[in-house]
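Colleague: Give the three-dimensional model of this entry:
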Amino acid sequence: MLISPLADRNQKELCSVLSDVLEEQSHRELFALELGSGTGQHVVNFALALPFVTWQPSDIKEESQESIRSYIAATRVKTVLQPVHLDASQPWEKWAGLPCSSCDVIVAINLLQYSSFKTVEPYAINGTISPSCMEDLDKELREMNPEWGLPDIDTLRQLAFGNGLRMERMIEMEQYNKCLVFRKL
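Modeller: Residues are numbered from 1 along each chain as shown. Got it, this is the predicted structure:
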């Protein structure tokens, strides 16, 4: 079972954001896909906090999938499915056989900075990097892989719009994290 101190540190805040975003739909059962589930800590905690959501964890790494299975077994959560191999860089049709209309919610935590985005300014909002300490993180990511780095919010907004989504809001979180909420048009 893998452990991420960062996952423990931001768990409460992430659950709060998801509870707020999903509150209007809590009267019905929802299906959520978590992209890049990593250790599995987030998904089992989301399941405990949001029992009306069935969670489908995913990860590209077998080591992470094994850790997710361990968390599911240890917590005995009933609303988390077994993890699937999913490469989020591939087209939707290759996403573990999930039909496009099957997901009510898609969650991606600390995943976008490890994706290829052709952006001018990392984590920029109207061309301004906020906060400036994020420049160091962006530089470190790009040194590991030139295609990685903090994506430009406007680029994400445009990509979402081109896929039938609109950015509803951006929530500033602790540790300079941002939570972007997109909804179907």
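
Colleague: For stretch 145-161, list every residue counted as buried.
Modeller: With burial defined by 16 or more other CB atoms under 10 Å, the residues of stretch 145-161 counted as buried are 148-154, 156-157, 160. C-betas here are computed from N, CA, C, even on glycine.

Colleague: so where's this structure shaky on pLDDT?
Modeller: 110-134, 175-176 (pLDDT under 70).

Colleague: Quick one: the helices in this structure, in order.
Modeller: For the chain, the helices defined by DSSP state H cover 5-22, 41-49, 62-75, 134-144, 153-162.

Colleague: and the buried residues of stretch 145-161 as CSV, adding distance to residue 92?
Modeller: Putting these into CSV (distance: CB to CB, whole Å) gives the following:
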residue, distance to residue 92
148, 22
149, 24
150, 24
151, 19
152, 22
153, 22
154, 23
156, 17
157, 19
160, 14
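
Colleague: residues contacting the closest residue to residue 171 other than its chain neighbours?
Modeller: The shortest distance from residue 171 to any non-neighbouring residue, by CB to CB, 6 or more residues apart in numbering, is to residue 179 (4.2 Å). Residues counted as contacts of residue 179 (CB atoms under 8 Å, 6 or more residues apart in numbering) are 14, 17, 170-171, 173.

Colleague: How about residue 34?
Modeller: The contact partners of residue 34, by CB under 8 Å, 6+ apart, come to 42-43, 46, 55-58, 106-109.

Colleague: Specify the beta-bridge partners of it.
Modeller: Beta bridges link residue 34 to residue 57, residue 107 when assigned by DSSP bridges.

Colleague: gap between it and residue 156?
Modeller: Using CB to CB, to the nearest Å, residue 34 is found at 18 Å from residue 156.

Colleague: Next, the contact list for the closest residue in space to residue 63 that isn't next to it in sequence, please.
Modeller: Of all residues not flanking residue 63 in the chain, residue 2 sits nearest, at 7.2 Å (CB to CB, 6+ apart). Neighbour list for residue 2: 38-40, 63-64, 67 [criterion: CB under 8 Å, 6+ apart].

Colleague: For the spatially most central residue of the chain, give its distance to residue 34.
Modeller: Nearest residue to the geometric centre of the chain (CA atoms, centre = their mean): residue 108, 1.0 Å. Using CB to CB, residue 108 is found at 8 Å from residue 34.

Colleague: Residue 26 too?
Modeller: Counting by CB to CB, the gap from residue 26 to residue 34 is 18 Å.

Colleague: Could you list the buried residues of stretch 3-23?
Modeller: 4, 7, 10-11, 14-15, 18, 21-22.

Colleague: ah, wrong one, I meant stretch 80-89
Modeller: Applying 16+ other CB under 10 Å to stretch 80-89 flags 80-81, 83-84, 86, 88 as buried.

Colleague: Sweet, I'm off.
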